[in-house]
Structure formats: C-alpha cells, structure tokens
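Asks: I'll drop the sequence and a predicted model, then ask my questions.
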Amino acid sequence: MKTRILTALLLLSIFSCQTLKAQSRTVLPDGTVIINTTEIVQDIRGHHDATPVEITILADTIQDVKALPSRESPRFFNRAVELLRSFIGLTVDKALAKETDTVSGATMSSRSLIGNVQ
C-alpha cells in the first residue's frame, strides 16, 4: 500500500516536471513520456540488487515496459521479465492498481519489477 501511494505521488511529480532528475524522464514532441526508474526507485530490490525499468507512456496508457540492466541472475530474471508485458495497454491508474502474480522460481525479481512499474 505504501509503495502504491509513493508511486502515485511519483507519477504526479513526473507529469508536473518539477521534482525528478532530468535523466529520469524524457518527454518527446508527441507527448510520449519515457520514465527510467534507475534513480527514482532505488529502494526496490530483487534477489541481488535494483531492477530498474523503462516505462513508455502516451496519453495516460503504458505503451512499453523494458527491463534495464541489473545484477540479477539471468536464468531467473529473464523469466520474471515476461510479466512486464501484462502492463502494456493499461492506463497508469490501472497499472498502479493491478495485482500481478509473481513468476515461480523468480519471486524476488518479479516483485521488484512489479514494484518498479507501480
């Protein structure tokens, strides 16, 4: 619950363009917002370390979510990355409220990736 509240506040900050470091978000001419969670969600960790993602949003809808390089074990992390697809096409509000199951055998990586998106 605390993470969702913090994430909602974070998204509000991104759209107001006032509080985040410039490298954490990019706004393209067509209005697409690209969010890199490397600097803004450092406290959410997988099995070994942070699992940052890049989220692409257009018209309040998630267009893409990509896992960025991390120190997670590829054998498990690559399985967890598959769950990121479940956020594509959702509005930001629906993504924040989404209850996503973790991937068996990659639970910590899954939770970390979900936390980075939300």
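Replies: It's in. For clarity, every value in this text was computed on a predicted model and none was experimentally measured. Numbers count the residues shown, from 1 in each chain.

Asks: so I40, which of the three states?
Replies: Under DSSP: H, G, I helix; E, B strand; the rest coil, the three-state class of I40 is coil.

Asks: the residue of the chain positioned farthest from its centre and L58, how far apart?
Replies: Within the chain, the residue lying farthest from the chain centre (Cα atoms, centre = their mean) is P29, at 22.1 Å. Distance of P29 to L58, given as Cβ to Cβ, to the nearest Å: 12 Å. C-beta here means a position set from N, CA and C on the backbone, and glycine is covered the same way.

Asks: and D64, by the same measure?
Replies: In terms of Cβ to Cβ, D64 sits 9 Å off from L58.

Asks: quick one: low-confidence residue ranges for this protein.
Replies: By pLDDT under 70, the low-scoring segments of the chain are 1-23.

Asks: what does stretch 85-94 contact?
Replies: Identification of contacts with stretch 85-94 by Cβ atoms under 8 Å, 6 or more residues apart in numbering yields 11, 55, 57, 60-65, 95, 98, 100, 117.

Asks: 6 Å instead?
Replies: Residues outside stretch 85-94 that contact it (Cβ atoms under 6 Å, 6 or more residues apart in numbering): D60, T61, I62, V65, A95, T100, V117.

Asks: which residues of this protein fall in helices?
Replies: Assigned by DSSP state H, the helices in the chain fall at 2-16, 74-81, 92-97, 107-117.

Asks: most widely separated two among the contacts of stretch 85-94?
Replies: Farthest pair in the contacts of stretch 85-94 (Cβ to Cβ) is D60 and T100. Separation: 19.3 Å.

Asks: compare these two (neighbour count), which wins?
Replies: Between D60 and T100, counted using other Cβ atoms under 10 Å, the more crowded position is T100 (16 against 12).

Asks: report the separation between the more buried one and L28.
Replies: On the measure of Cβ to Cβ, T100 and L28 end up 27 Å apart.
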